[in-house]
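1. got a predicted structure here, sequence first:
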Number of protein chains: 2
Amino acid sequence: MAATLREVATRAGVSPITASRALNNRGYVSRELRDRVLTAATELSYVPNAVASSLRSRKTQLLALLAGVINPFWAAVARGVEAVANESGYSVLLCNTDDDPVREAGYIDQLVRRRIDGLIIAATNGSAAILQALNRQHQPFVLIDRVVDGVNADSVRGDSKDAAYRLTQHLLTTGYKRIGMISGAHNVSTAQERVAGYRAAISEAGLEVCDDIILYGHYTENWGYQAAYQLMSRQHPPDALFAANNYLALGVLEALHTLGLKVPEDVAVVCFDDTTNLVSARFLTTASQPAEEMGRAATRLLLERLAMPDRPPQHMILPIEIVVRSSCGCGSGTHGSV
Amino acid sequence: MAATLREVATRAGVSPITASRALNNRGYVSRELRDRVLTAATELSYVPNAVASSLRSRKTQLLALLAGVINPFWAAVARGVEAVANESGYSVLLCNTDDDPVREAGYIDQLVRRRIDGLIIAATNGSAAILQALNRQHQPFVLIDRVVDGVNADSVRGDSKDAAYRLTQHLLTTGYKRIGMISGAHNVSTAQERVAGYRAAISEAGLEVCDDIILYGHYTENWGYQAAYQLMSRQHPPDALFAANNYLALGVLEALHTLGLKVPEDVAVVCFDDTTNLVSARFLTTASQPAEEMGRAATRLLLERLAMPDRPPQHMILPIEIVVRSSCGCGSGTHGSV
DNA sequence: TCCTCGCTGGAAAGCGTTTTCACAATTTCA
DNA sequence: TGAAATTGTGAAAACGCTTTCCAGCGAGGA
């Protein structure tokens, strides 16, 4: 049971090094010896010991994605990460941080002890210190979706500001004048950028930005519900709502349902992130982020970083597509795409 | 950078073994030496190398959960697994198999190479051979949610048959007579058990089981849509639908919406798995599985297996709660619980 | 007094690979 | 034709930790 490389080598009548080279298809091994080794390995049902290999080679061939993984958006990101990683012989650990800095720190500690080759992190606010420590330890990592102030690292994210700008512009063009903004936390970069795009579009249209209909909270369904309920219960409610994330949008829809308001007749709704796998939200006009491509890009960046530790940090900003459906009440059909 | 245990020991003026004992809180070390070691470790910002540790101790302190992780049910299971594992000093790898046997086999191979201590597997149909191979290699694993024919291993699952029986009984008691059953794949044990419970309830009520309104497919939204659409388009459509899984239920609801049918006025709907985090499905009467507890139980079983490799396999069957809401049209309120 | 026994510590030997380093034999190139 | 590059193999060491074995010491019991 559990044959070792040495045993395989002995059986094949070669040295362990030759056996290693044959099995890993690396270095020079004659066809004959290679075959002998492979046969011996099969006969002994040899399973290479990745732990020993990692110890000696100082490489674990292991990457990790730290994010709030249980969410359609992150699921797609994870798919992209795995695809690229597997192509290059890496495995991926999925770590669900629930956007909790404590969980995040715990995972990072674990992973560093295990000598993981690289990390892809959707950083929670306030984890700057941990990330800086990673930099000091020369532990390669890539930021995804969100950037963190004071942390110098490769990053991949969607062009939130531009997409928010265009989404808002679309609402304004369609005729809405008072657009409520339901955003995430102040100190999450995507929340800031989406509000910035929203503001830019309104200002540019010659309208005034009402700060009191911009609500910051968290990217949760619950906050979406509360914020929408509150906004729509005011004396002068908005005629449109901008949910800065898909889960917020679900909460918004539920609040509107509770209040007996119809979309888009009573109020228009647009949001960020794709919602096609959320049945109740399929009619939403949305800024659809290229989630899988973000995962792919981040992984490529990480692999490049492993190969070139001293390269200056790269920052990728991917374009976001606006998908117009019926929730914005514009005339362009229920399933068009701009 | 990257201080080793040996360096810590030298700085503390002790042998590496003593340093190891001090850091791991194991064996006899005097208070004084322990403090010296801990101080030295801090000063050198020592990070233990788990790879080296694993190689020598032949333990990785690593478990994995293989399942279609991207789903509220499995997310809850994963939470339970992580909780118990972390308590005992284990980390957990989440592996999303998409219920694809090929992906599953790939992951298992990877994990065994990495000398993972134990696996928790939601086996896809037809992976019996792989699991038997694991048994031959003495690789500990636990089956979760589903059992597999011909595989002898610890297992944890919900009492699907009983819950399906009670759910069906509830519909019959409420007055429905013709209940369409939309199930998963034939060779998935949960699908079989849920149909069995459904049959039992109908027979016991003195009614005849109509095989032509029992539809097998897959646990996907898409199949739920197709099956419901087909059933409700017949000349004598059912007056109630039983979706054997939460994703099926989403598809069912969408099909009914497309057909312009209202729940429960036109047709009642019940389903398996909790749906509270799926906005459009919160009113469904459902058999709510104790997902997190399943994860906890499976992990406990796995840890016990690691400690007692020769213990005969244990099989746990957890009770499932029926949560009555409004989709079954019974009088007991919209949010009651039985 | 002798002998166990609980405590404290170290020396040496690996765990199973891969990384040097070394050495031939063969081929390629100017 | 000689030198350099390419191809093919192995010996020995090393990766960083823990296991195993052993030894000293004081206390308590026979």
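-> All right, it came through fine.
2. ok, the residue of the stretch 201-338 of chain A found nearest DNA strand D - contacts?
-> As assessed by C-beta to the nearest atom of the strand, DNA strand D sits closest to A:Pro309 within the stretch 201-338 of chain A, at 16.7 Å. Every residue, glycine included, has its C-beta placed from N, CA and C. When contacts are counted by C-beta atoms under 8 Å, 6 or more residues apart in numbering or on different chains, A:Pro309 touches A:His138, A:Pro140.
3. now it. Its backbone dihedrals?
-> A:Pro309 has phi and psi values of phi -60, psi -20 when expressed as degrees, to the nearest 10.
4. excluding its backbone neighbours, what's nearest the residue of the stretch 151-300 of chain A found nearest DNA strand C?
-> Proximity of the stretch 151-300 of chain A to DNA strand C (C-beta to the nearest atom of the strand) peaks at A:Thr299, 21.9 Å away. Nearest in space to A:Thr299, with sequence neighbours left out and distances taken as C-beta to C-beta, 6 or more residues apart in numbering or on different chains, is A:Val84 at 3.9 Å.
5. how close does the one you found get to DNA strand C?
-> Per C-beta to the nearest atom of the strand, to the nearest Å, A:Val84 is found 22 Å from DNA strand C.
6. likewise A:Ala64?
-> 22 Å.
7. mind telling me what element that residue is part of?
-> Per DSSP states H and E, A:Ala64 falls inside strand A:62-67.
8. follow-up on the earlier one: would you confirm that the residue of the stretch 151-300 of chain A closest to DNA strand C contacts A:Ala85?
-> Yes: using C-beta atoms under 8 Å, A:Thr299 is in contact with A:Ala85, at 5.5 Å.
9. okay, the two: which has more neighbours?
-> Legend: neighbour count by other C-beta atoms under 10 Å in any protein chain shown for A:Thr299 and A:Ala85, higher for A:Thr299 (29 against 25).
10. who's in contact with that one?
-> Applying C-beta under 8 Å, 6+ apart to A:Thr299 gives the contacts A:Leu63, A:Gly80, A:Val81, A:Val84, A:Ala85, A:Ile120, A:Val142.
11. quick check, distance from the helix or strand harbouring it to the centre of its chain.
-> Taking DSSP H and E as the criterion, A:Thr299 maps to helix A:291-307. From the chain centre to the centre of helix A:291-307 is a distance of 11 Å (C-alpha atoms, centre = their mean, to the nearest Å).
12. with just CA atoms, put it into PDB.
-> Presented in PDB, the C-alpha positions along helix A:291-307 are these (Å, rounded to 0.1, in the frame of the first residue of the first chain):
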ATOM      1  CA  ALA A 291     -17.600  37.600 -13.600                       C
ATOM      2  CA  GLU A 292     -16.000  34.500 -15.200                       C
ATOM      3  CA  GLU A 293     -13.600  36.700 -17.200                       C
ATOM      4  CA  MET A 294     -12.700  38.500 -14.000                       C
ATOM      5  CA  GLY A 295     -11.800  35.200 -12.400                       C
ATOM      6  CA  ARG A 296      -9.800  34.200 -15.400                       C
ATOM      7  CA  ALA A 297      -8.000  37.500 -15.600                       C
ATOM      8  CA  ALA A 298      -7.200  37.500 -11.900                       C
ATOM      9  CA  THR A 299      -5.700  34.100 -12.200                       C
ATOM     10  CA  ARG A 300      -3.600  34.900 -15.100                       C
ATOM     11  CA  LEU A 301      -2.300  37.900 -13.300                       C
ATOM     12  CA  LEU A 302      -1.500  35.800 -10.300                       C
ATOM     13  CA  LEU A 303       0.300  33.200 -12.400                       C
ATOM     14  CA  GLU A 304       2.300  35.900 -14.000                       C
ATOM     15  CA  ARG A 305       3.200  37.300 -10.600                       C
ATOM     16  CA  LEU A 306       4.500  33.900  -9.600                       C
ATOM     17  CA  ALA A 307       6.700  33.900 -12.600                       C
END
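13. hmm, back to that, who does the strand holding A:Ala64 pair up with?
-> Strand A:62-67 has its sheet partners listed here by DSSP bridges as strand A:91-96 (parallel), strand A:118-121 (parallel).
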